[in-house]
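Participant: below is the structure, and that's it, no one-letter string:
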């Protein structure tokens with residue numbers, strides 16, 4: 001169909017030239033029609049180029065292909081390439097190479113053996129495993145089990161509930177909300193609020209605008225579990241340009257924030273630096289004396 005469309009617009013341009021040469025059409029109309037046909041022709045050629053780069057998709061079940069999306073229900077195997085449509089999976093899917101797409105939406109079990117670049121939303125429920133990095137231009141939402149072998153870098157907000165594991169950095173420009181169990185072998189980086197609930201290990205730093213680590217939020221929970229291991233372990237530094245409100249945490253290095261609130265069952269092995277306010281609940285342990293600093297000093 002695409003090759004036929006290319007031929008059609010070529011013939012229309014040839015016919016337009018003849019009509020203009022024969023004086024059958026005025027100059028203004030000629031220019032307008034020529035520009036329109038050339039634009040249509042280039043659009044069809046671009047679509048053809050994208051189809052040549054498109055990955056092979058093998059499906060056991062149902063597959064629906066439209067101009068905007070590829071929808072699979074059942075079992076699918078996708079080779080690497082540019083889809084430049086939304087990928088929607090319901091069931092199981094294996095992606096064997098690097099893939100570039102618009103949105104990625106899946107429910108069920110998805111495993112990828114390459115890198116993923118998504119120019120739209122990423123939304124996965126069930127099991128999601130990627131051996132490469134995951135880059136996105138919008139939000140990313142995971143519910144269930146998510147494991148990423150490289151880094152996660154998105155321009156929107158990351159929301160992960162259930163089990164979340166990433167071997168590199170987690171960088172989400174618009175914020176991070178993690179609940180359940182998480183293991184981050186790199187740093188957490190955001191220009192907005194980072195909120196962690198549940199059990200989590202962060203092997204490097206947390207750098208953000210605001211940080212909230214919920215821990216056990218009720219007085220009864222904090223007292224009853226006071227002798228148990230901390231829920232969250234940060235092996236690097238914590239730096240927040242605004243507020244830090246954490247509890248049930250071990251921080252191996254320094255904490256820096258404008259306003260710092262440390263709740264019950266918190267241990268800081270480094271030094272706490274604050275600009276305006278420092279609040280310490282009963283049960284907080286500081287290895288070093290806290291230090292008041294200037295706002296300009298809120299950096300690693």
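Facilitator: Here it is on my side, so go on. Given the structure is predicted, the values throughout are model-derived calculations rather than measurements.
Participant: which phi and psi does residue 154 have?
Facilitator: Dihedral pair for residue 154: phi -130, psi 150, per degrees, to the nearest 10.
Participant: number of nearby residues for it?
Facilitator: Using other C-beta atoms under 10 Å, residue 154 is surrounded by 23 other residues. Bear in mind the C-beta positions are built from the backbone N, C-alpha and C, glycine included.
Participant: now do the same contact list for it.
Facilitator: Residue 154 makes contact with 122, 134, 135, 136, 137, 138, 139, 140, 171, 172, 173, according to C-beta atoms under 8 Å, 6 or more residues apart in numbering.
Participant: surely the fifth one is in contact with residue 172?
Facilitator: In this case it means residue 137. No: in this structure residue 137 lies outside contact range of residue 172 using C-beta atoms under 8 Å: 11.9 Å.
Participant: which of those two has more neighbours?
Facilitator: Neighbour count, other C-beta under 10 Å: between residue 137 and residue 172, residue 172 has more, with 26 against 15.
Participant: can you verify my assumption that the more buried one contacts residue 138?
Facilitator: No: shown here, residue 172 and residue 138 do not form a contact pair, counting by C-beta under 8 Å, at 10.7 Å.
Participant: beyond the helix or strand of the chain with the lowest mean pLDDT, next helix or strand please.
Facilitator: Lowest by mean pLDDT, DSSP states H and E among the helices and strands of the chain is helix 219-224, with a mean of 48. Downstream of helix 219-224, the next assigned helix or strand under DSSP states H and E is strand 232-234.
Participant: so how far is that next one from its chain's centroid?
Facilitator: Chain-centre distance of strand 232-234: 22 Å, with C-alpha atoms, centre = their mean, to the nearest Å.
Participant: who touches it?
Facilitator: Residues contacting strand 232-234 (C-beta under 8 Å, 6+ apart): 196, 199-202, 205-206, 213, 215, 246, 248-253.
Participant: show the buried residues in those.
Facilitator: For the contacts of strand 232-234, a burial check counting by 16 or more other C-beta atoms under 10 Å picks out 196, 199-200, 202, 205-206, 213, 215, 246, 248-251, 253.
Participant: low-confidence regions, this structure specifically.
Facilitator: 1-3, 44, 46-56, 216-230 (pLDDT under 70).
Participant: all helices of the chain, in order?
Facilitator: 2-21, 27-53, 219-224 (DSSP state H).
Participant: mutual contacts of residue 137 and residue 172, please.
Facilitator: With C-beta under 8 Å, 6+ apart as the test, residue 137 and residue 172 both reach 154, 156.
Participant: just to revisit the earlier point, give me the common contacts of residue 172 and residue 138.
Facilitator: What both residue 172 and residue 138 touch, as defined by C-beta under 8 Å, 6+ apart, is the set 154, 156.
Participant: please report how far residue 129 lies from residue 117.
Facilitator: Counting by C-beta to C-beta, to the nearest Å, the gap from residue 129 to residue 117 is 17 Å.
Participant: can you check residue 158 too?
Facilitator: Taking C-beta to C-beta, one finds residue 158 at 16 Å from residue 117.
Participant: so those two - more neighbours on which side?
Facilitator: residue 158 (28 against 17).
Participant: with adjacent residues omitted, what lies nearest to the more buried one?
Facilitator: Leaving out its chain neighbours, the residue that sits closest to residue 158 by C-beta to C-beta, 6 or more residues apart in numbering is residue 172, at 3.9 Å.
Participant: list the contacts for the one you found?
Facilitator: Contacts of residue 172 by C-beta under 8 Å, 6+ apart are 140, 152, 153, 154, 156, 157, 158, 189, 190, 192.
Participant: great, nothing more from me.
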